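Student: Below: sequence and its predicted model.
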Amino acid sequence: MRGASRVPRPLAVGLAVACLGVGLAGCSASRPPPPRAPALSAPNDAVPPDLDLVIRVDLAKVRAALGPEGIAALRRGAASAAGAETGSDFFVRALEHADVACLALRPELVPGEADNVLVLGGHFHELDVEASLRKDGWSAPLDLGGAVFRYERPGKVSRSSALRAYEFGDEGLVFASPAEVDSVEAVLEHGLAPNPLKPEARGVLAFAARLRALRGGFGARYPSVARALGDARRVEGVVDSTASGLRLEVSLEFGSNDQAIAALGELERIRAALAQGEGKMATVATSAKLEAVGAFVIVRVPLERGIL
């Protein structure tokens with residue numbers, strides 16, 4: 001066009017490149033950041049909020065306190081609860097390399113068919129998790145970033161069997177049964193708050209539970225205990241080792257001091273009735289000590305080696 005000013009060619013090229021750079025920067029700034037990699041700073045971080053019983057086991061203390069027979073029983077119990085085959089070489093070796101196990105359950109369901117999540121914390125470098133799981137038929141891992149991998153178990157499995165697994169570097173393993181897959185994914189991958197039930201990090205074994213199960217089968221089987229604990233909000237307990245065996249301490253939380261005192265009376269009557277009998281249960285009941293402290297009822301029971 002006549003009369004129009006002309007920009008020198010080198011300058012025009014420079015301006016075009018600059019504009020392109022600004023445009024690309026703008027596109028980059030508007031692009032959402034990648035999702036965060038799942039984190040597992042403590043075993044309870046993987047436990048979804050819908051489960052009512054969380055058990056923490058210090059496997060190092062169990063090995064010292066129970067010896068080989070106790071470890072064998074623990075393997076069988078954990079494998080059964082988590083739906084893993086007790087003969088699975090990988091599962092046995094995973095327990096042997098774990099320092100802490102956290103098992104969360106929905107206990108009011110049929111025993112052996114409970115929805116569950118099992119978390120193991122330890123040192124699993126020697127296990128070759130991917131090769132071991134794929135040998136057992138699991139899928140190739142999905143890389144979630146941050147040295148976290150997700151595995152799926154193809155085909156149908158029982159209600160309590162592990163359907164999904166997560167590998168957290170060399171230090172954490174998570175197994176989820178079918179009904180808990182979505183809940184665990186929501187916690188680990190999408191930021192849902194984990195279960196508020198957090199057993200104490202002490203003792204050989206610790207547990208925390210909501211008592212919704214009392215409205216189910218437990219209450220029907222043990223009506224006197226259900227009546228005594230009917231107003232309890234939650235229960236926490238610790239089993240620790242002593243020179244002569246183990247010591248159990250259970251704390252029951254109620255809504256008020258009056259409720260705690262009423263529950264103490266009911267539980268004391270149950271303890272006295274059991275103490276009149278014979279056998280190990282009578283011995284345990286005789287040695288049990290109960291007290292009310294504010295809105296809590298505390299039960300302490302020494303478990304000598306002869307009655308374990």
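Tutor: Okay, I see it. Residues are numbered from 1 along each chain as shown.
Student: ranges for the strands of the stretch 51-200 of the chain?
Tutor: Ranges of strands in the stretch 51-200 of the chain, per DSSP state E, counting those that start in this stretch, are 53-58, 98-105, 116-122, 142-145, 148-152, 164-168, 172-176.
Student: Go through the shortest one and flag the buried ones.
Tutor: This means strand 142-145. By 16 or more other Cβ atoms under 10 Å, the buried positions in strand 142-145 come out as residue 144. C-beta coordinates here come from the backbone N, C-alpha and C atoms, glycine included.
Student: Would you list the strands that that strand pairs with, along with their directions?
Tutor: strand 148-152 (antiparallel) (DSSP bridges).
Student: average model confidence for the partner strand?
Tutor: Strand 148-152 carries an average pLDDT of 97.
Student: what comes up buried for it?
Tutor: Buried, per 16+ other Cβ under 10 Å, within strand 148-152: 148, 149, 150, 151.
Student: Now do the contacts for the closest residue to the third one other than its chain neighbours.
Tutor: By that I understand residue 150. Leaving out its chain neighbours, the residue that sits closest to residue 150 by Cβ to Cβ, 6 or more residues apart in numbering is residue 142, at 4.6 Å. With contact set as Cβ atoms under 8 Å, 6 or more residues apart in numbering, residue 142 has these partners: 149, 150, 151.
Student: give me every residue that touches the second one.
Tutor: Contacts here follow Cβ under 8 Å, 6+ apart; on that basis residue 150 touches 141, 142, 144, 164, 165, 166, 167.
Student: And the buried ones among these, selectable in ChimeraX?
Tutor: To isolate the buried members of these in ChimeraX, using 16+ other Cβ under 10 Å:
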select :141,144,164,165,166,167
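Student: could the contacts of residue 150 go into a markdown table alongside pLDDT?
Tutor: Shown next, in a markdown table, are the contacts of residue 150 (pLDDT from 0 to 100):
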| residue | pLDDT |
| --- | --- |
| 141 | 96 |
| 142 | 96 |
| 144 | 96 |
| 164 | 96 |
| 165 | 96 |
| 166 | 97 |
| 167 | 97 |
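Student: just curious, which of the contacts of residue 150 is nearest to residue 298?
Tutor: Distance to residue 298 across the contacts of residue 150 (Cβ to Cβ) is lowest for residue 166, with 36.8 Å.
Student: shouldn't residue 252 be in contact with residue 235?
Tutor: Yes - if you go by Cβ atoms under 8 Å, residue 252 and residue 235 touch, sitting 5.2 Å apart.
Student: sorry, back to before: looking at the strands of the stretch 51-200 of the chain, which is nearest to residue 199?
Tutor: Here strand 53-58 is closest among those (Cβ to Cβ), at 4.0 Å.
Student: all helices of the stretch 1-150 of the chain, in order?
Tutor: 9-30, 59-81, 89-96, 129-135 (DSSP state H, counting those that start in this stretch).
Student: In which helix or strand does residue 282 reside?
Tutor: Using DSSP states H and E, residue 282 falls within helix 280-287.
Student: I'd like to know which elements the helix or strand just after that helix is packed against.
Tutor: As assigned by DSSP H and E, the chain's next helix or strand after helix 280-287 is strand 289-293. The contact analysis (3 or more Cβ pairs under 8 Å, 6 or more residues apart in numbering; DSSP states H and E) places strand 289-293 against helix 257-275, strand 296-304.
Student: Break the chain down into its domains, please.
Tutor: The chain resolves into domains spanning 43-190, 211-307 when parsed by automatic domain parsing.
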